[in-house]
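K.L.:
Make a model of this:
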Amino acid sequence: MKVLVVSDTHAPRRWKAMPDALRAPLAEADVILHAGDVCVPGVLAELAASAPLHVVLGNNDGPDIAAWPAPERLELDLGGVRVAMIHDAGAKAGRGRRMRRMFPDADVVVFGHSHIPMDVVEDGVHLFNPGSITDPRRERIGSYGWLELVGGEVVHHEIVRVGTPPR
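P.N.:
Below you'll find the predicted structure:
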């Protein structure tokens, strides 16, 4: 199972239209996860046209995104892999312990909010933040993530950088 992971698209301020860099990945995705700060439901409709979509509510999302439905926290079983989602995983210090307490059964915790890509194991939990493809902020270029799940395990995980760094 190929899982495309995005976050912090911030439409329409940052997501004006489907980023070209997402077109090929969307064609390959079996499932899409959006870790919040969508801002307008049209983004979700565009993504959901390619594959089943799961989304959590970000701090910039309103009632129209919550109605998708987008809960604040979500726990899924994707091919035997327990995936938890939350928009804001809090401060860097103690994040692994906090996520383990919040999601004790999770194999992977997907989150966003910081716009900083992260793919690490901390305190026994795999923390995965795809960054933002449309609003990289302190990062030089945008990014999204891939998780490949086989037989109840994450067999591949990757942050994909897109775009050209400024000169």
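K.L.:
what stretches of this structure score poorly on pLDDT?
P.N.:
164-167 (pLDDT under 70).
K.L.:
Can you give me the buried ones in stretch 2-18?
P.N.:
2, 3, 4, 5, 6, 7, 8, 9, 10, 11, 14, 15 (16 or more other CB atoms under 10 Å). Yep, even glycine has a C-beta here, placed from its N, CA and C like the rest.
K.L.:
who does the third one bridge with?
P.N.:
Note on residue 4: beta-bridge partners residue 32, residue 146, judged by DSSP bridges.
K.L.:
dump the residue contacts of it.
P.N.:
Under the criterion of CB atoms under 8 Å, 6 or more residues apart in numbering, the neighbours of residue 4 are 22, 25, 26, 28, 29, 31, 32, 33, 51, 144, 145, 146.
K.L.:
try the first one
P.N.:
If a contact means CB under 8 Å, 6+ apart, then residue 2 has 28, 29, 30, 31, 146, 147, 148 as its contacts.
K.L.:
now swap in the second one and tell me
P.N.:
Taking CB under 8 Å, 6+ apart, we find residue 3 in contact with 29, 30, 31, 32, 33, 78, 83, 146, 147, 148, 149.
K.L.:
Repeat the analysis, applying 6 Å as the threshold.
P.N.:
Going by CB atoms under 6 Å, 6 or more residues apart in numbering, residue 3 touches 31, 147.
K.L.:
Show me where the chain has its strands.
P.N.:
Listed in chain order, the strands of the chain (DSSP state E) span 2-6, 31-34, 53-55, 73-78, 81-86, 108-110, 118-122, 125-129, 142-150, 153-162.
K.L.:
packing partners for the second one?
P.N.:
Yep, that's strand 31-34 we're talking about. strand 2-6, strand 53-55 (3 or more CB pairs under 6 Å, 6 or more residues apart in numbering; DSSP states H and E).
K.L.:
who touches it?
P.N.:
Counting by CB under 6 Å, 6+ apart, 3, 4, 5, 6, 47, 51, 52, 53, 54, 55, 110 sit against strand 31-34.
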